[in-house]
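Asker: here are the coordinates; sequence isn't available:
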């Protein structure tokens, strides 16, 4: 009787302070979210894209697809290399902004920030699912239960045990939330880079959603799992439309999901529902893409990237067949020797419809395809590389793996937070009881780290960049963090780990994001960028929209932001230092003959970049505030 009289008093203090503490937690989360979104906005507006361009590497291809969608040119929009999900979002939002280059730029900034916001919400969706499903919160509460019973038996003041429990649980919860949000910031802002015009942040968003759905399906009653399984299939299907890597990633996820259900002795209905919807979306997309390109395909990004990065097929344009010299295929002679390239060079075959050599001295390339784009050879490499032979050589694969492991190490070791996270994990695991619980926790909750490692493993054999791995690294670190907190650590270890993570986060925030802070302080505007100035200067020439032009430059025009801004199409080019020098050093008559070659290829003008001041004639007009010169026919 006495015990039953005391028990309600022990429970009461637990419930009373819960609402104020919950309100404080919500306010803290809102303030933290505002900070993270603000930092993402700074990166979106002032982050440095590749090479300091307006949009960054590969961006023009996605912008061209968006433009094709706007013009209802679905034949050009359905591309076997560049995916359609991200450009479709750009095209859908484009009418909300003013016409012209300024509207284009504002459109990309708005869509990128919207995706980043969705990415953050998807991360919170995953994080809250982990908090609700993992057993560590129950362990935190039960950790003080013996003490509560002891206090009650001795007749001490009721409520003391619950206050101790709150003191133990509160710092741990704060540490977990703050560490998780720091992981999100570093992986998605510092590594993912909101400023880049590409689908990788969208892919990460959908991966977070898929992981959050998996956590909920495996931890809810069976009556709700079928609907969640259908949502999972839709998420994976949209992921495939966003980027082709989801074909492999989604298939692996479904296989591991089925295994997890089997281990839990649960019905396979949710995974069957997910697989059905995923297959329907992939099949429908594949049918439309196959119709557009003229042969059966689900996309050719994997095969051609393997040929470029592993087999060292000539990158990225103007492959004409024949044997490529070892000095061009490999960065070092020692690597070429290991690959046995000199004695056993690969035969890649002959392209079916390569870019055309219009003139041999200097070499002038012309290119046309049944599509419209700023720079067609890089917009549709599968078309121009059709006919290359696929091959597998173990030596090439080993070289690629060594390089990619080095690139992965560079991504990880250049982030102060990752180094601090490893040190903090060692501090936490130095406590024997936590160390003993760590591996069993990872074994029980194996699905998410397995998926994260699978995502990384997909890229390792071929080619990887930090932005590809941002979502996988976030999930991997998150699961390691939760496994380390299967039991609550001692206060001293928690303080040391918290200090380490704070220092690491500060290092990433200040050091890694220094270019963005510098641009913010200087109020850097796209209007000062050389690509922007080139595009605006060419616009002022009032060439027809989609006008065909030739270009004289020392490199192929893969990332020609200026041509996209000016709304012109590069259809012929001189694209090597040797040929560019040869052109400018040739006689006026020879130069005129080469310019006539450009004209016959359909160019209404020729653009020269960095033309020697003493070369050329009076017909060449300099475009103000740029390094461009124009010759009009």
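Answerer: Structure's in. What do you need? Keep in mind it's a predicted model, so treat the numbers as computed, not measured.
Asker: going forward, measure contacts and count neighbours with C-alpha atoms only.
Answerer: Fine.
Asker: Report the separation between residue 587 and residue 597.
Answerer: Note on residue 587: its distance to residue 597, by C-alpha to C-alpha, to the nearest Å, is 15 Å.
Asker: Of the two, which one has the most company?
Answerer: residue 597 (19 against 13; other C-alpha atoms under 10 Å).
Asker: how far is the helix or strand hosting the more buried one from where the chain is centred?
Answerer: Under the criterion of DSSP states H and E, residue 597 resides in helix 588-600. Between the centre of helix 588-600 and the centre of its chain there are 43 Å (C-alpha atoms, centre = their mean, to the nearest Å).
Asker: again, but for stretch 58-69
Answerer: 17 Å.
Asker: ok, and what's touching that stretch?
Answerer: By C-alpha atoms under 8 Å, 6 or more residues apart in numbering, the list of residues contacting stretch 58-69 from outside reads 74, 76-78, 82-84, 86-91, 196-198, 372-374, 378-379, 558-561, 564.
Asker: re earlier: show me what whichever helix or strand comes after the helix holding residue 597 is in contact with.
Answerer: The first helix or strand that comes after helix 588-600 along the chain, using DSSP H and E, is strand 605-609. Here strand 605-609 makes contact (C-alpha under 8 Å, 6+ apart) with 548-553, 595, 598-599, 627-633.
Asker: Okay, and which of these map to strands?
Answerer: 548-553, 628-632 (DSSP state E).
Asker: So which of those is the closest to residue 228?
Answerer: Distance ranking of the ones in strands among the contacts of strand 605-609 against residue 228, using C-alpha to C-alpha, places residue 548 first at 50.2 Å.
Asker: And the closest one, how far from residue 342?
Answerer: In this structure, residue 548 and residue 342 are separated by 40 Å, where distance is defined by C-alpha to C-alpha.
Asker: Could you check which of those two has the larger neighbour count?
Answerer: residue 548 (22 against 15).
Asker: so how far is the lengthiest helix in the chain from its chain's centroid?
Answerer: Looking across the chain with DSSP state H, the single longest helix is helix 101-133. Averaged C-alpha coordinates place helix 101-133 at 13 Å from its chain's average position (C-alpha atoms, centre = their mean).
Asker: What of stretch 271-283?
Answerer: When distances are taken as C-alpha atoms, centre = their mean, stretch 271-283 is centred 24 Å away from the chain's centroid.
Asker: In it, which residues are buried?
Answerer: Within stretch 271-283, the residues that qualify as buried by neighbour count (16 or more other C-alpha atoms under 10 Å) are 271-275, 277-279, 281-282.
Asker: ok, so of those residues, who is nearest residue 568?
Answerer: Distance from residue 568 was checked for each of these by C-alpha to C-alpha. The minimum falls on residue 282, at 33.6 Å.
Asker: ok but that closest one is inside a helix, no?
Answerer: Yes. Assigned with DSSP: H, G, I helix; E, B strand; the rest coil, residue 282 falls within a helix.
Asker: taking the contacts of stretch 58-69 one by one, which sit in helices?
Answerer: Checking the contacts of stretch 58-69 against DSSP H, those in helices are 74, 76-77, 86-91, 378-379, 561, 564.
Asker: Including pLDDT and distance to residue 215, could these go into a markdown table?
Answerer: As requested, the ones in helices among the contacts of stretch 58-69 are arranged in a markdown table below (pLDDT from 0 to 100; distance: C-alpha to C-alpha, whole Å):
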| residue | pLDDT | distance to residue 215 |
| --- | --- | --- |
| 74 | 92 | 38 |
| 76 | 92 | 39 |
| 77 | 94 | 36 |
| 86 | 98 | 26 |
| 87 | 98 | 30 |
| 88 | 97 | 29 |
| 89 | 98 | 28 |
| 90 | 98 | 31 |
| 91 | 98 | 33 |
| 378 | 96 | 40 |
| 379 | 96 | 39 |
| 561 | 93 | 42 |
| 564 | 96 | 43 |
